[in-house]
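Colleague: got a predicted structure here, sequence first:
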Amino acid sequence: MSERKYPHRLLPPSELYPTWQGDINDPLVYLGWGERNFAREAIPMHSNPGWTYWILLEGEVTLEHRRGSQDFQAGEGLLCGPDFPFGFPLQAGKGVKVINWIWKDPPLREPAPPADFYETANFSQDLVRLLSSLHEQSRIVTLDTSEQNAFALFHLRGMLDLSFRRAGENKNSRPGRNRIRAARQWMLHNLNKTTPATTLARFLDISPMTLHRLFIDELGESPGQHFQKLKMDHARHLLKLEGRSVKSVAYEMGYRHPQDFSRAYKKHHGAAPSQ
């Protein structure tokens, strides 16, 4: 049985929805964003004249491709080459919200992906925010006619590819593991803080309650407990250095009174810092 042939051209939605289209020979061929309603308007099976990056920001939708069909939830996306046909059939449900790019050239990967390449990605909330910002910047850059346009597009494409690679690397990670890793790095660079939970939650753009739950789920202890462990372990390392006094280490660890540091140290290590 011969392979079915599909249109190989842009099939943008109707004028109801925002899009931008460049020249077919430009680095960036197409941008789409905002709401889509596939209960009212379908997109037939086709392949795009470039490399498609598509992310579902809100809602649920079914995508058809030559290997069958696939359901997407908010935060999921796909990357496919110019020889991979797909489409969105008519389907019941509320409208969805999407962003997508079509680039002329393939992503910079080793080995180079084939033209019928297809992969899906599940993005963290942090990456979804980054991708939304990259798309907004891409729309702004399309208005720039200066010589800086190509330079800006090159770096935006690099960040986009990096986001997809990070999502692929994190497929097997438990939810929240990346945030825990970022939180620990923040703690290690802020060991002189006394009450870091609120500041750390603000740094990660989550609520203190969510931060507490992530630490309990991933590490079995609260953010405060884990921070105190890191602080006291580093304090022990400093005390082993020649010429370091208990008082100097206490001040470096953010304690206003050395005796408070000594009590905390003894509670954690079972011995006074002078020992």
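Modeller: Perfect, thanks for sending it.

Colleague: C-alpha coordinates for the biggest helix by length in the chain, CSV please?
Modeller: Ranked by residue count and defined by DSSP state H, the top helix of the chain is helix 148-169. C-alpha atoms of helix 148-169 as CSV (Å, rounded to 0.1, in the frame of the first residue of the first chain):
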residue,chain,number,x,y,z
GLN,A,148,20.2,42.9,14.8
ASN,A,149,17.2,40.9,13.7
ALA,A,150,19.1,37.8,12.6
PHE,A,151,21.3,37.9,15.7
ALA,A,152,18.2,38.1,18.0
LEU,A,153,16.4,35.2,16.1
PHE,A,154,19.5,33.0,16.4
HIS,A,155,19.6,33.4,20.2
LEU,A,156,15.8,32.9,20.6
ARG,A,157,16.0,29.7,18.5
GLY,A,158,18.9,28.5,20.7
MET,A,159,16.8,29.1,23.9
LEU,A,160,13.9,27.3,22.3
ASP,A,161,15.9,24.3,21.3
LEU,A,162,17.5,24.2,24.8
SER,A,163,14.1,24.2,26.4
PHE,A,164,13.0,21.2,24.3
ARG,A,165,16.2,19.4,25.2
ARG,A,166,15.8,20.1,28.9
ALA,A,167,12.2,18.8,28.7
GLY,A,168,13.4,15.6,27.0
GLU,A,169,16.2,15.1,29.6
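
Colleague: who's in contact with that helix?
Modeller: Applying Cβ atoms under 8 Å, 6 or more residues apart in numbering, the external contacts of helix 148-169 come out as 27-28, 53, 77, 79, 101, 103, 107-109, 119, 121-124, 127, 130-131, 134, 137-138, 141, 144. For the C-beta atoms, the positions are set from N, CA and C on the backbone; glycine is no exception.

Colleague: can you give me the pLDDT of the residue nearest to residue 21 when sequence neighbours are not counted?
Modeller: Leaving out its chain neighbours, the residue that sits closest to residue 21 by Cβ to Cβ, 6 or more residues apart in numbering is residue 30, at 5.3 Å. pLDDT recorded at residue 30 is 97.

Colleague: again, but for residue 102
Modeller: 97.

Colleague: what residue spans form the domains of this structure?
Modeller: 19-169, 177-269 (automatic domain parsing).

Colleague: out of these, which is closest to residue 5?
Modeller: With Cβ to Cβ as the criterion, residue 5 lies closest to domain 19-169 of these, at 9.0 Å.

Colleague: in the helix or strand hosting residue 202, what counts as buried?
Modeller: Assigned by DSSP states H and E, residue 202 falls within helix 197-204. Neighbour-count burial for helix 197-204 flags 197, 200, 201, 204 (criterion: 16 or more other Cβ atoms under 10 Å).
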